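Participant: Structural data only, the sequence is not supplied:
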């Protein structure tokens, strides 16, 4: 069995143009070196029943031995405020904030600190392992602490006040429940002896949601918190819980207050990594590992669910001890992509042997795009990086309690599955939950991604390479473009191409991406959608950080977690997230079909419908027996219609001119409808009794000579290579592609 995890890495940037540099950041805990080879990927799926792994080796200066070292991952988010004179004031100190713990009792966690763990100096407000608030002060080799007598409650807002009265030599910690009834009141105060006029350490960062392990402006951190923090305040006076609470409740504290050291407002600069201080000291900080912003604060009252309408109600940040945005590894190899390289899916292969152990073969994927405005082909294939990122490092098959029921069988674990269970520090997918049970809403490419590479899980990346393999087999030239470029540059990314193909599962789309495809189709562009469950979730891309996407999952859609009430708006853009269907842009309006069901038990053939015999599409049916089933074969479940499927639905805006060519509407009991399809619950909703659970093939003309063809199934792409590529699925796809590349208009349709 091949070892795919002994070497891990990521490429940065994830997407490059010819002439640009890509760097490979590698790590191995057990190997000292490996043999590196740069490859252009034709097929990434090792399934022996299919084409198998197929690559082209262009030959590069980085091919050859590469030394390896272990580069650790340091998960956990926090905010870092560099040391400043205002933070070192001698004498008394007090701090107050609203706090919403999400994993109390999961270990010691720091809430707010200016503390050095290496010398145990400074101050730190934390939760103990027993979920009790504790203030610790260290100075001159001594440590003082005070612990609240009552533990905090999970997912209940409290106000916290703590500090040092230097003249009295007393430290205090207080907690006040915001809803003190029905057993929710955990209010209490504790005092203990403390130092008189301690000398605070120099060159020590203030850290929110963690503490520094050492000195410096950007230290390593530990004690990471799981929970929300809202409106932290810092004063240079003895603690007074009432004054601190009033100050925290004041959304705009007066900056001229002489006692005010800092007053952070997390509702400012929401789409950035900056935390803004409203005091005259301007002690702004920077976020590390991208905690969740646009989180409801202690004052959120349900009057709005969009943070843009009342930002002051969204003054909290939800920190997680396992947040992972940037691995921070140093690069081991660099390559300037030659100017004459074809665009495509590329990967760095790393091979080694561990004595008599299994051979190592690991891959680091990246993409070479076709330069904007300089096409080399009339055809473009869209790499769905948003979807690849949404599923990046998914641990869902093991974490989801009903996975085996959904798949109707036992789960066979790969090395990657096992590695993810043991190494959650890689950061998981937007289908997974953090260690505190909240959903991952951000995903980035600055970390190893196990299921976006050759030999990885076939879903998405691996399935899409079957389309690339088919292009290569039939001798069809093509360009690769990427969806985040479509987001940034809009319709001009698509405009140079006569035909654009979206792959097996283009599920995640931003508003700019949807609008670009809409404009392209209205302008005469031709779009072939060879997948299922496309154009489904509404996402955002980070405005300044490349290859970083966001999804919020609310109370609609097929989802594995549901966000907190009021937190459905994207922090990156302020737009609502959720389904495009809920935003008035159902997939049927764009591509004629839309997601309606999952079917993981097996895949099925399509049956031709009468419109397939329409003379206006006779060109599509050349060489195809319309009396035989279509796609009763394939690598995913033995058919071309399966996994996730889409249907024609006029009530969701399938176009009037659409020809519904074929359907797979007998998906048996394993065909499970999406939640938005179920208005009421009753027997007979599964595919063996529900005709609305189906995969449909559709064609329709668009404006100015354009057209759309959709297959409505993820499994379609993995049927193309059946029988040496001589099959009805390949024939139909080829007929469509040749006609879509022909500039002649489609006759017989009203325009």
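Facilitator: On my side now, so go ahead. For clarity, every value in this text was computed on a predicted model and none was experimentally measured. Numbering: from 1, shown residues only.

Participant: Would you map the helices across the stretch 351-500 of the chain?
Facilitator: 385-390, 396-399, 403-407, 415-422, 463-474, 483-489 (DSSP state H, counting those that start in this stretch).

Participant: Any idea which of these has the lowest pLDDT on average?
Facilitator: Across those, helix 403-407 has the smallest mean pLDDT, namely a mean of 68.

Participant: Have a look at the chain and report its longest helix.
Facilitator: helix 728-741 (DSSP state H).

Participant: Give the buried residues for that one.
Facilitator: 728, 729, 730, 731, 732, 733, 734, 735, 736, 737, 739, 740 (16 or more other Cβ atoms under 10 Å). (Glycine included, C-beta is placed from N, CA and C.)

Participant: Quick one: residues in contact with that helix.
Facilitator: Under the contact criterion Cβ atoms under 8 Å, 6 or more residues apart in numbering, helix 728-741 has outside partners 378-379, 470, 474, 476, 498-499, 501, 526, 528, 530, 619-625, 628, 630-631, 633-634, 640, 699, 707, 709, 716, 719-722.

Participant: Just want the angle from that helix to helix 463-474.
Facilitator: 80 degrees (axes from the mean of the first three to the mean of the last three Cα atoms, to 10 degrees).

Participant: I'd like the mean pLDDT over helix 728-741, please.
Facilitator: Mean predicted confidence for helix 728-741 is 98.

Participant: now stretch 455-462
Facilitator: Per-residue scores along stretch 455-462 average to 92.

Participant: How about stretch 298-317?
Facilitator: pLDDT averaged over stretch 298-317 gives 96.

Participant: Just the buried residues of it, please?
Facilitator: 298, 299, 300, 305, 306, 307, 311, 313, 314, 315, 316, 317.

Participant: Check stretch 80-97 too.
Facilitator: Those would be 80, 81, 82, 83, 86, 87, 92, 93, 94, 95, 96, 97, for stretch 80-97 by 16+ other Cβ under 10 Å.

Participant: With stretch 23-38 instead?
Facilitator: Result for stretch 23-38 [16+ other Cβ under 10 Å]: buried residues 23, 24, 25, 26, 27, 28, 31, 34, 36, 37, 38.

Participant: Tell me which residues touch residue 303, please.
Facilitator: With Cβ under 8 Å, 6+ apart, residue 303 has these contacts: 310, 313.

Participant: Would you confirm that it belongs to a helix?
Facilitator: No: read with DSSP: H, G, I helix; E, B strand; the rest coil, residue 303 is coil and lies in no helix.

Participant: Give me the below-cutoff pLDDT ranges for this protein.
Facilitator: Residues of the chain meeting the criterion pLDDT under 70: 355-356, 401-407, 751.

Participant: From the centroid of it, which residue is nearest?
Facilitator: Centroid check for the chain by Cα atoms, centre = their mean gives residue 443 as the closest residue, at 3.0 Å.

Participant: If you drop the residues flanking it in sequence, what lies closest to it?
Facilitator: Leaving aside its sequence neighbours, residue 443 sits nearest to residue 389 (Cβ to Cβ, 6 or more residues apart in numbering; 4.3 Å).

Participant: Can you report how many residues lie near that neighbour?
Facilitator: 29 (other Cβ atoms under 10 Å).

Participant: was I right about it contacting residue 446?
Facilitator: No: applying Cβ atoms under 8 Å, one finds residue 389 not in contact with residue 446, separated by 10.8 Å.

Participant: so what's in contact with those two at the same time?
Facilitator: residue 547.

Participant: domains for the protein, by residue range?
Facilitator: 8-73+327-368, 78-299 (automatic domain parsing).

Participant: Distance to residue 603 added to those, as JSON lines?
Facilitator: Formatted as JSON lines, the domains of the chain follow (distance: least, Cβ to Cβ, whole Å):
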{"stretch": "domain 8-73+327-368", "distance to residue 603": "14"}
{"stretch": "domain 78-299", "distance to residue 603": "37"}
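
Participant: between those domains, which gets nearest to residue 544?
Facilitator: domain 78-299 (7.6 Å; Cβ to Cβ).

Participant: For the stretch 251-400 of the chain, just list every one of the strands.
Facilitator: Remark: strands assigned in the stretch 251-400 of the chain by DSSP state E, counting those that start in this stretch are 260-265, 274-277, 285-288, 292-295, 316-319, 333-336, 344-352, 360-368, 379-383.

Participant: picking up where we left off before, out of the buried residues of stretch 298-317, which comes closest to residue 690?
Facilitator: Checking these one by one against residue 690 (Cβ to Cβ), the nearest turns out to be residue 305, at 31.9 Å.

Participant: Show the contacting residues for the closest one.
Facilitator: Applying Cβ under 8 Å, 6+ apart, the residues near residue 305 are 565, 566, 567, 568, 569.

Participant: Roughly how far does the third one sit from residue 573?
Facilitator: Distance check for residue 567 against residue 573: by Cβ to Cβ, to the nearest Å, it reads 14 Å.
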